[in-house]
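Trainee: Sequence unavailable; structure follows:
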């Protein structure tokens, strides 16, 4: 069959694989993606399994690949993604792959290490260069002399010192001069000032300065200058700002102290010769070394780039290969070893229709591995519930996802998805009905469908976009149906089309028109006699005074009509389930009373609506004139409560047709009579059946009674199960289940019918919002005149267009979507759908690689 | 009964063709049943929706209540001249 109406028939199979051929066979099955393996050693932990070593090796390879990927991304090299999926390599090729990755990783690490060392060297040299340049400024500042001395060196130093001290604040000057200035003035006494120069992070500088001041009691003197260009930190490649400093001090004690503080603040100290000539020489040396380093660094980077570019070409391919190998070994870990150790035993769920294809794949695998013994695929009998597998394509996938989001169908249960393909967009459109908004939505959907391949290829992490793109067919259909309902509502951006010419005509003369603010057309004279052929007459769009009254009456009725039909459709679906599972009891005592209940009460109400539409008209004489038209809702309430209806207006009749009272009483009585049938019949019959079975087959234990009771309660409270444990369900439990089920159904049918009124409410809200937007925004622009009016209109139109798309299409669309989803999940599916199955998750490379890529990106 | 013969027949025929004619002509294939189901549901929904709108206007109980300026504009734009007097 292979259709979407029910899930696929599944079989539990046992698979015997030759040890040599196992790898190739599993690889073939992975390409196929139609087999779900079961874990045969659930109590063996992950480290004790057979192929744990191989899995670990794959993990290691994957780690290396991720490292490579990270490096490639860091350099911004584009990775070649052909989208093709290479076959899983042979196990022996794994060693080659491992060697390749190992070599690449080592090479890369080495290059990186070298580069880092070089960079560190480079940094040091640059810092030194800066120190030499900046300190030159410090030293130069002291050239203008205030003091002459015979001892050239130390006095020059002292002059510098004085000069610098001048630039500092008063305190410092006072203190420093207080002691040393006095001493220095004594002739013959040599003042030996030491200094250290270094580089420190700029943000550490203030703290550093303070610390120095405090620890040395103000006896040191610090000069600093910023390095304008940020420097690169070799360990993490960040750009950091640094400053050059130079500290003057006197004596060895202070020197050690200053050095300790520098160490503590991670300042790097550099030797700085005292003589200007030495410094110049050193600066020259540094410059040449920097140049040399630059060439070497460039070569290292080139090498790294070459290695990465070569790796980038194959990276995606390698990822696929490694993930495939890993998946295969993971799967092999689920298998059981035969006693002889010659073959592996697997158990798997397989769609019955695909057994042939699977056999073929297995044969291919055997041939590839060169094994002589063919694998054996053996069907097994089981009592377990098979997984639910719905074969979907790109069109049906999104609809199936809507259903699965509620619950995966029980095995072989009716699948609502094929019906949802139409009912979902349609009910959405009833709420969203507007030709203009529908067209925007449909065009968006159509664009996504046309550009499908291109859009699917560029995978993004943008979740919202992925949701929209996944639901492109739903969006398209919702748009198309909204266009249709918009035509019927005759709404296009809240305006109407007058295609066929209104069927209402005015017969007022001028004086009447001038005298009255409002004029109501009379259905007796002004109406043509037959309605506007397609959709709503455009006259109602301009009938500002009573448009909503008319629309409410119409839209409420259609909501109930479609709601009741939708629910009846749901109940009929339960009939398909009961017949399929041969559940006669449920069929007779659940389905029939449910349907009768729904038909006699709610479908009868729908019929009353049609009768009212047909029988009552303003053109008719009493008792079928407009004044006599009864309210359907009041009639229905009176019917259910057995109230005597209120006396009708004069010349009118209480009832719409002959015998209505009798029919209503009969219907209500029968409907109420259905409730005890729903409530009691099934549990009582099951009880009886069990008793009989127990009496009759007392001596022969188990087997037959198992089958019978299993069959009876099959599809009752437990969907489609069948099996030994089914019998254990106690009678009291059955009673409770049944009563809950019944109460839910009876109360539900009332509340669900009312719930469909959301169709009316939302469509009214949508139409009103659109109209408000038109009158409050766009019409302002349309009323302007002259060339200025053109400009204003352009602006206003832009505003209106943004609001239309943002609020009316996106937000209203979202709200209508959610309401539709609710109508399907609750009101429709509660009538037949159990959704207690579990999804079929075949072992498939495509899924594994897709997931692997997604999770890698998420990291 | 305020129904006109032609529109009812026309739209019923159109949706009948979609809901009955096209499913019969659906080519054989793995998705034949699904396509049939889709077509039939589409036709049923759309036809009923049209029918409800048609019937709701068939025998009007009230007439549209128009503002004076709307009356004037309708008189001019829909060629429905207001009679003098």
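Mentor: That came through, no problem. These numbers come from a predicted model, not from an experiment.
Trainee: Rounded mean pLDDT for stretch A:515-525, please.
Mentor: Stretch A:515-525 comes out with an average pLDDT of 87.
Trainee: Can you tell me the closest non-neighbouring residue to the residue nearest in space to the middle of chain B?
Mentor: Residue closest to the average C-alpha location in chain B (C-alpha atoms, centre = their mean): residue B:50, at 3.9 Å. Nearest residue to residue B:50 in three dimensions, chain neighbours excluded: residue B:11, at 5.5 Å (C-beta to C-beta, 6 or more residues apart in numbering or on different chains). Bear in mind the C-beta positions are built from the backbone N, C-alpha and C, glycine included.
Trainee: ok now stretch A:778-798, how far from the chain's centre?
Mentor: 41 Å (C-alpha atoms, centre = their mean, to the nearest Å).
Trainee: likewise stretch A:41-49?
Mentor: 33 Å.
Trainee: so who does the residue nearest to the centre of chain B touch?
Mentor: Residues near residue B:50 by C-beta atoms under 8 Å, 6 or more residues apart in numbering or on different chains: A:488, A:534-535, B:11, B:15.
Trainee: cool, residue A:752 as well?
Mentor: Contacts of residue A:752 by C-beta under 8 Å, 6+ apart are A:563, A:567, A:826-827, A:830.
Trainee: any idea how far it lies from residue A:571?
Mentor: According to C-beta to C-beta, to the nearest Å, residue A:752 stands 11 Å off from residue A:571.
Trainee: Go through chain B and flag its longest helix.
Mentor: Secondary structure of chain B per DSSP state H: the longest helix is helix B:32-58.
Trainee: any idea how far the residue nearest the centre of chain A lies from chain B?
Mentor: Nearest to the mean C-alpha position of chain A, counting by C-alpha atoms, centre = their mean, stands residue A:463 at 4.4 Å. With distances taken as C-beta to the nearest C-beta, to the nearest Å, residue A:463 is found 30 Å from chain B.
Trainee: What of residue A:631?
Mentor: Distance, residue A:631 to chain B, by C-beta to the nearest C-beta: 12 Å.
Trainee: Can you report how many residues lie near that residue?
Mentor: Using other C-beta atoms under 10 Å in any protein chain shown, residue A:631 has 11 neighbouring residues.
Trainee: got it, and residue A:60?
Mentor: Neighbour count for residue A:60, taken as other C-beta under 10 Å: 14.
Trainee: so which helix or strand takes in the closest residue to residue A:115 other than its chain neighbours?
Mentor: Nearest non-adjacent residue to residue A:115, counting by C-beta to C-beta, 6+ apart: residue A:300, 5.0 Å away. In the assignment (DSSP states H and E), residue A:300 maps to helix A:276-333.
Trainee: Identify the residues contacting residue 57.
Mentor: Answering for chain A, as no chain was given. Contacts of residue A:57 by C-beta under 8 Å, 6+ apart are A:94, A:98.
Trainee: not quite, I wanted chain B
Mentor: Neighbours of residue B:57 in contact, by C-beta under 8 Å, 6+ apart: A:531-532, A:536-537.
Trainee: Which pLDDT value does the model give it?
Mentor: For residue B:57, the pLDDT comes out at 92.
Trainee: now swap in residue A:148 and tell me
Mentor: Looking at residue A:148, its pLDDT stands at 40.
Trainee: pLDDT weak spots in chain A?
Mentor: A:1-2, A:83, A:141-192, A:697-728, A:853-859 (pLDDT under 70).
Trainee: ok, back up a step: could you point out the helix or strand that follows the helix holding residue A:300?
Mentor: Per DSSP H and E, the first helix or strand lying C-terminal to helix A:276-333 is strand A:336-337.
Trainee: Who does that next one pair with, and is each partner parallel or antiparallel?
Mentor: Paired with strand A:336-337 in the same sheet, following DSSP bridges, are strand A:343-351 (antiparallel).
Trainee: what ranges do the strands span in chain A?
Mentor: Secondary structure of chain A, counting by DSSP state E: strands at A:10-18, A:36-37, A:193-201, A:221-226, A:231-232, A:239-240, A:242-250, A:268-270, A:336-337, A:343-351, A:376-380, A:518-520.
Trainee: Tabulate those strands in CSV, adding columns for mean neighbour count.
Mentor: Below are the strands of chain A laid out as CSV (neighbours: other C-beta atoms under 10 Å in any protein chain shown):
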stretch, mean neighbour count
strand A:10-18, 20
strand A:36-37, 21
strand A:193-201, 19
strand A:221-226, 17
strand A:231-232, 16
strand A:239-240, 12
strand A:242-250, 22
strand A:268-270, 17
strand A:336-337, 14
strand A:343-351, 22
strand A:376-380, 13
strand A:518-520, 16
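Trainee: Export those as TSV, with columns for distance to residue A:448.
Mentor: Formatted as TSV, the strands of chain A follow (distance: least, C-beta to C-beta, whole Å):
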stretch	distance to residue A:448
strand A:10-18	34
strand A:36-37	32
strand A:193-201	52
strand A:221-226	55
strand A:231-232	45
strand A:239-240	42
strand A:242-250	53
strand A:268-270	58
strand A:336-337	47
strand A:343-351	30
strand A:376-380	41
strand A:518-520	47
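Trainee: Low-confidence stretches in chain B?
Mentor: B:1-2, B:85.
Trainee: Near residue 62, how many other residues are there?
Mentor: Just so you know, I chose chain A. Other residues lying near residue A:62 total 19 when counted by other C-beta under 10 Å.
Trainee: wrong one, chain B
Mentor: Residues within reach of residue B:62, counting by other C-beta under 10 Å, total 16.
Trainee: one step back: OK, contacts around the residue nearest to residue A:115?
Mentor: Contact analysis of residue A:300 by C-beta under 8 Å, 6+ apart lists A:111, A:114-115, A:118.
Trainee: Next, count neighbours for residue 21.
Mentor: Picked chain A for this. Using other C-beta under 10 Å, residue A:21 has 23 other residues around it.
Trainee: that's the other chain; I wanted chain B
Mentor: Burial of residue B:21, expressed as a neighbour count using other C-beta under 10 Å, amounts to 12.
Trainee: Identify the residues contacting it.
Mentor: Counted by C-beta under 8 Å, 6+ apart, residue B:21 has zero contacts.
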